[in-house]
Structures are given as C-alpha cells and as structure tokens.
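> how would this look folded up:
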Amino acid sequence: ADFNYGADEYDAEGNEEPKALPEGSETMPYIDESPTMSPQLSARGQDSGDGVSPTPTDGLGTGGERDAGKGLEMRKLVLSGFLASEEIYINQLEALLLPMKPLKATATTSQPVLTLQQIETIFYKIQDIYEIHKEFYDSLCPKVQQWDSNITMGHLFQKLASQLGVYKAFVDNYKIALETAEKCSQSNYQFQKISEELKVKGPKDSKESHTSVTMEALLYKPIDRVTRSTLVLHDLLKHTPSDHPDYPLLQDALRISQNFLSSINEDIDPRRTAVTTPKGETRQLVKDGFLVELSEGSRKLRHVFLFTDVLLCAKLKKTAVGKHQQYDCKWYVPLADLVFPSPEESEHCPQVHVIPDHELEDMKMKISAIKSEVQKEKANKGQSRAIERLKKKMFENEFWLLLHSPAIPFRIHNRNGKSYLFLLSSDYERSEWREAIQKLQKKDLQAFVLSSVELQVLTGSCFKLRTVHNIPVTSNKDDDESPGLYGFLHVIVHSAKGFKQSANLYCTLEVDSFGYFVSKAKTRVFRDTTEPQWNEEFEIELEGSQSLRILCYEKCYDKTKINKDNNEIVDKIMGKGQIQLDPQAVQTKNWHMDVIEMNGIKVEFSMKFTSRDMSLKRTPSKKQTGVFGVKISVVTKRERSKVPYIVRQCVEEVEKRGIEEVGIYRISGVATDIQALKAVFDANNKDILVMLSDMDINAIAGTLKLYFRELPEPLLTDRLYPAFMEGIALSDPAAKENCMMHLLRSLPDPNLITFLFLLEHLKRVAEKEPINKMSLHNLATVFGPTLLRPSEGESKGHLTLASDIWSHDVMAQVQVLLYYLQHPPISFPELKRNTLYFSTDV
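Numbers count the residues shown, from 1 in each chain. Okay, the predicted model is just below:
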C-alpha cells in the first residue's frame, strides 16, 4: 500500500523503478494532481458516460437495474481499501514520532544527540499530522465496519481537507528538514543509527509485525499522502449518487484538495525550478528525445534537451550498477545564436553516408537468424557462454539498426561558428523539433555563455526532467505500454483543399511501430493546383501502431537546391497532422472516411483495417459432448477435473517445447492445423497426445486461444464484466487491490481455478521474455480481450463493430489481465480463506 506518485527513477536499462525518495535533490518531488490511471483509461468527466469503463451508476454487480445501491457497494470497497492504507500511514507517522521524545530528553543533558532546534526542524508538524489522521481513522473505521447504505462520511473528508494547511507548513519545511537530518546523520553516529532503521508496525491482520524504514523515506510519506487522499475523493465521487447527502461534501473536499495541490505544485515542480535564464526567468524543459548525431564522421546516439533558451546535446554516462545515472554534455547552443542552415549554405556539413535498404533488410534477417541460433543452443543445452555471446551479438546488431536506419538530415548551426548534424527517420519529427525551436525564438532571447558550474547544474537537471526514458531499440519495443494495432491498414488519400495558391503537391504517410515513426507511402505529385485529387490507395503493414501521420508537401523543382544530399528533403511542408488509430473507428468492414486539418489545409482520406485475427464471435456449441463452445462447468464436471483437459494438455505442450518460441501466442498457427486439433479434442480421440507431440507449437497455442474464445461466455463471465471495468479504473491502489481480489472470489470455482492455472502459465512464458519476446504486456494484449469481453447484449449498446480483437473496451481488458499477471502469486485456497478487508457479496 506504499505508492509513490510522480517521482519515478529509472535504472540503467531505462526501465522504470519506483523511487523511495528523492535523494538529496535540490528540488521537491512533483506532486501529481491527476488520478493515476493508465493513459488509456482516461479520467472521465462527471457528466459524460462515454469513457472506457461503464457509467458511474453501473457500480458493482449485474443485470439491467441501475440502482444507486451498486454505486454504494463500490463506495464501500473504495473506503475499506483506503482505510487499510490509512492504518499503514498512521503506523509510519508513529514510527517517525517514536525517537522524538528520547531525543528531546537528551537535548537538555550534557551530551545531546541533537539540539532542540534541530529536533523541531526535522519533526516539524509530524505530531499535528498524526493527530489529524488518527482522529479521521477512528471516526471512519466504525462507519465502514458497520456499513449500511445510509451511512454518511463526507463531513469527515471535508474536515480532513480543511486541515491541509498543516501540510502546507510541512511542505515548506520539507527540504530543510531533509537537509538537517542528513547533516545530523553525518556528524552524529547515534542519530545515524536511529534514522537508518525506524521500525514501522505492520497492519493488524498482517503476518509481518514490523518493517524497517529509513527516516528519509518516512519524511516523504506525508507528501505522498496528500495525493492519495485526492485520488480517493475522485473514486468516491464517481460512485456516489448525486442526490446522496455526501455528494456536495465530497465535492467540496475535492475542490479544497485540488486547490491545495495546485498551490504547492507551483512551489515544488522541478520543471519550474531547474535553473534560471540570464534574465532571471525560470528555464523550463520544453522537449527532449533520442536523436542520432553525425559526429566526426560517425553516428552517435544522443539525448537532446530543448530548454526555454538553449538546446543541449548530451549522452548518458556509463555508470556502475546501483549508481545514479548522469548525463554528459557534448555541446549546447543558446537559441539566440541558433540558425537552421539551408542545404546550399551547409557546404561545410559532412555528407551523409546512407546505408542501402537491402543492407538494412539483411541486418533484420541477421537478427532473426541469431534469435533462432539462441533457441537452438538452448534446445541442445548449449554452453551458457555461447548463448551470452549470441545475445551480445544480437544487441549489437539491433543497436546498429537503430543508428543506421535514420537518414533525414536535421542541421543546427551556431552563429559563432560550429554546425551540428542529426539524422532522423521521420520528417514529421524533424519538423516538430524545428517548429518548437522557432516558436521559442520568437521571444526576446539573449545570447550567453554558461560557466562550468552552471552547465553542470543544467546537465544534472536533465536526468530528473527527461520525459523520454527508453532508447528505442527493438528489444525495448516489445514492452510498449499500449497494444497498438497489428495487421494491415488500407488508406485512400482522396484530395486536399485550402491552399492559397497553385502548387505542385503530394502527401506522405508515416506510422509508428512502438513509437518509432517511419515513412510508409507517398502519393504522386499533383501539379499546379489548389485542389489536388490523388485518389490513391495504399496498404500499410502495422506492427503495434497507434498513430497515422499525413504530411502535405510542395514539390521543389529548383535545380540549385536539389541533390545536395540524397536524403535531403528540400520540399516545403505545407501542413502536417496526426490521428490516433482508434480501433473501433478503423475496423469496420467498410471504409471509414476522415479529414485531417493542418494549417488551414484539409486532407480527405479513407481507411479500413484488417486484423490478423478476424473473429471473436461466441456461438455456443449445439452438441454438448465436445469441449469447444461448451460451458466450462459442464466440461470439468464431465471430466471430473478442476481444469479442462484441453487447457492442461495445451499448456503442458507449450511449456515443454514452445516456451522459447519467439512470439509464442502472438504468431498465428496454420488454421487447418488448429481446426484438426479442435476436431480431435471435441471427439476425445485416443490419438490426441500423439497428434499434439507432432503438431507445430503455434497451432497448439492457437488451439488454446480458440478454446477460450469459443467458450459460450468469457472465462471472467458476462455478469462480472462491468465490475472488472469499474475495478481497474479505480485510482487508489489499496481500493483497487481490494476490489480486484473480491471479484476473483466472486467467479465460479471452475472459472477461477482455470484462470489461476492460466495466469501462472503466462507468468512462466513471460520469464523467458529475453528469448521469446513475449512480455507480460504482450501476453495481456493477446489474452485480455479473449478472457474478458462485454456480453453481446452489452456490446450492442456500444458501437457495432467488426467482431475483432480490438473491441470497445480493449485497453481496459488488457489492463485487467495485466493487473493479475503483475500481482504476486494468488492461490485458490488463500483467496477463498482471506477475505482481505471487508468483503461483501457482489
């Protein structure tokens, strides 16, 4: 129940790691005011019912009644989860206060550990905060324990919000409290011992009696807590009927809390307090990202930071494991001195050596071949040294691809002499960097030179401020946050209008594969017109794509500008626009027409999407003797088994010989093989085992997916679907945990035992991710929409779509499965025995 919003650190590989504490940072950690939902589950306005999860009145439960009782049921789950985390918070504050009395007692003796002034500074306002929360907890606890629908507790939250002034005093003093504690630790061994190991009591019903926490970590808890309380207010309001007496009180408490957060964020947001410009204004980070620089004839990967008045090019220093990562500044250009040279002005710029396409394709094939070699070595129980050598080679090849595929030049020139050259894979991206810089240059900027100390401070701030954390090598890409679309996008670029004068015009299309955009198609040039009519169709393969970009150019026929450089795009961008590839809009069988508006120009286009997996329709089997399309309870009863035989056999076979197969469960098996296996399982044929051992492993994985897809109702049931959607949308982690475990307990036993069996199997598959490239997220993307879908009646209420894997709530379905995959092991007996906090019937 210890979550840290908005203050993340990242380890050497660029993976996210929750950070216990900002270590001696010059600035305070930023407090997040928004509910922490996954980006796809956007917070929905109170009045609109068109978000990802069902409307607030759906609440927990079933059927068509939309009565307020269900919302009140969710309220109880939210409150009991929050109460559990409130107990932990009070224990943390108690642990912090424990050494204060003995320290005060020694302060007046001849050998004080700390002076009274130091004690006052370090423990400032902790006692007051403790008393406020203890009173709140003692008032709320009995209300939740003796729950009924008429209970009101809005006044308690309103009172809690009205006492936030104490937190303001704490926040103002936080930095100095931390510094004082650090100085005292360095100068006094006794205090150092005390502050390194403070004992925090475990919750009442927890097995752990105490945990050891540092004083520094505990001093951060109140800052974290303000956000937590605000999140709970969001959740409570969502599940409180607007005519309930609590509703206006909770609204008031939320308003006070949000105003408070806004006011203190102005003081502590590190983006605002990085360093100041020569005019004394705050220097902000505007944009950052990885770019390839051509330096001394060779390509180097750089992290580029654009601040209010300076462009800084850095590289990540190599650091020992466990050490904080830092950036090394390669160069900087004040924006007052920065110009973009045109190709004809850049004679002194080096020529770009472009790698031919066939070499890039060869490299991709090499990477695939090395992956296969790694698998062979593993299958033959090869030496681990040989495997490590292959893996190293694979990473080198992937990195080579990242460095050598970009070919569009982006030139930067410093008026005082030096020029720099970046290479990008997307002209859209180049245009974004250029526009961001030009926008800042419209302000009255001053030229300056940074002293070595100033440069050090600015470079030091880059690590904390950066918004892009992962180098986009292919091995990182598999772990992308959102599933994106896999399949084929058919796009017809019809026409454009809105040009002020005749020109020679054409369009290009770019799509992303895991955030790395590449140009995929280009229309012909329509000459001398203000209304080009292209009407050209393209088929673009999507690999986890989320966005389509369209760029509109004026073709340049000026001989002096052309061929300065093979990849120099001298054509002028007339407009550019981007649309999200919204699965439900794209994937109807018919063409979907759309318009992108850009700088007053409108480009008209149509598109349709063909998925790699075309059918998810559930039709119950007519004959009840088979297993496909038959209720899971019927099958397990007939077999006298806990988990259906087909599930056990397919899982066993995949674990025996498919767990290291690249793309297992993502790559489709041959359809005729899957149908043959389906027939054999349905007939309960004696030759099943022989057939399984001979069959291609992707066909076996496909058969397992097909079995779950053809169940008459999804494994996680139609009845609980709205509740899963509500549960995953909760912002408060403790409430979410309480709700999600409660929902599992509400499943019928055969469904629950089979789900837990599958969960453990998928975790074992993900353990082999370095080889099979199937992360927990990838597996959740494959299985989420299969195990969890709205009932047909409910989905008709939404948009009518092609029955395809990207349904209306697909993001949330993926998130639900991912939640359970990332959860520590869940056992059936423990789940049934442990009712967590306060359980109720759904």
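> Just give me the longest helix of this protein.
In terms of residue count, the longest helix belonging to the chain (DSSP state H) is helix 68-97.
> Distance from the chain centre to it, please.
Centroid separation for helix 68-97 versus its chain: 26 Å, with Cα atoms, centre = their mean, to the nearest Å.
> cool, and stretch 778-792?
With Cα atoms, centre = their mean, you get 18 Å for stretch 778-792.
> Report the buried residues of that stretch.
Using 16 or more other Cβ atoms under 10 Å as the test for burial, stretch 778-792 gives 778-791. (Glycine included, C-beta is placed from N, CA and C.)
> thinking again about what came up before, who are the packing partners of whatever helix or strand comes next after the longest helix of the chain?
Moving toward the C-terminus from helix 68-97, the next helix or strand (DSSP states H and E) is helix 100-107. Packing partners of helix 100-107 (3 or more Cβ pairs under 8 Å, 6 or more residues apart in numbering; DSSP states H and E): helix 116-122.
> Buried residues of the helix it packs on, list them for me.
Result for helix 116-122 [16+ other Cβ under 10 Å]: buried residues Gln118, Ile119, Glu120, Thr121, Ile122.
> Not counting its neighbours along the chain, what's nearest the fourth one?
Which is Thr121. Thr180 (4.7 Å; Cβ to Cβ, 6 or more residues apart in numbering).
> wait, is that neighbour part of a helix?
Yes. Counting by DSSP: H, G, I helix; E, B strand; the rest coil, Thr180 falls inside a helix.
> right, and Ser80 touches Glu737 too?
No. Contact between Ser80 and Glu737 fails when scored by Cβ atoms under 8 Å: they sit 10.5 Å apart.
> related to what we said a few turns ago, show me what contacts the residue nearest to Thr121?
When contacts are counted by Cβ atoms under 8 Å, 6 or more residues apart in numbering, Thr180 touches Gln118, Thr121, Ile122.
> Dump the strand or helix carrying Gln158 to CSV, restricted to CA.
Assigning secondary structure by DSSP H and E places Gln158 in helix 154-162. Taking Å, rounded to 0.1, in the frame of the first residue of the first chain, the C-alpha atoms of helix 154-162 are listed here in CSV:
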residue,chain,number,x,y,z
GLY,A,154,-18.5,13.2,3.6
HIS,A,155,-18.1,15.5,6.6
LEU,A,156,-15.0,13.5,7.7
PHE,A,157,-13.3,14.1,4.3
GLN,A,158,-14.4,17.7,4.3
LYS,A,159,-12.8,18.2,7.8
LEU,A,160,-9.6,16.4,6.6
ALA,A,161,-9.4,18.7,3.6
SER,A,162,-9.9,21.8,5.8
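> Which elements pack onto that helix?
The contact analysis (3+ Cβ pairs under 8 Å, 6+ apart) places helix 154-162 against helix 126-145, helix 215-238, helix 246-268.
> switch to 6 Å and redo it
Under the contact criterion of 3 or more Cβ pairs under 6 Å, 6 or more residues apart in numbering; DSSP states H and E, helix 154-162 touches helix 126-145, helix 246-268.
> Would you mind measuring from the residue located most distally from the centre of the chain to Asn188?
Computed with Cα atoms, centre = their mean, the residue of the chain farthest from its C-alpha average is Ser110, at 55.4 Å. Distance of Ser110 to Asn188, computed by Cβ to Cβ, to the nearest Å: 15 Å.
> Buried residues of the helix holding Gln158, list them for me.
By 16+ other Cβ under 10 Å, the buried positions in helix 154-162 come out as Gly154, Leu156, Phe157, Gln158, Leu160, Ala161.
> now stretch 762-774
Within stretch 762-774, the residues that qualify as buried are Leu762, Lys763, Val765, Ala766, Lys768, Glu769, Ile771, Asn772, Lys773, Met774, counting by 16+ other Cβ under 10 Å.
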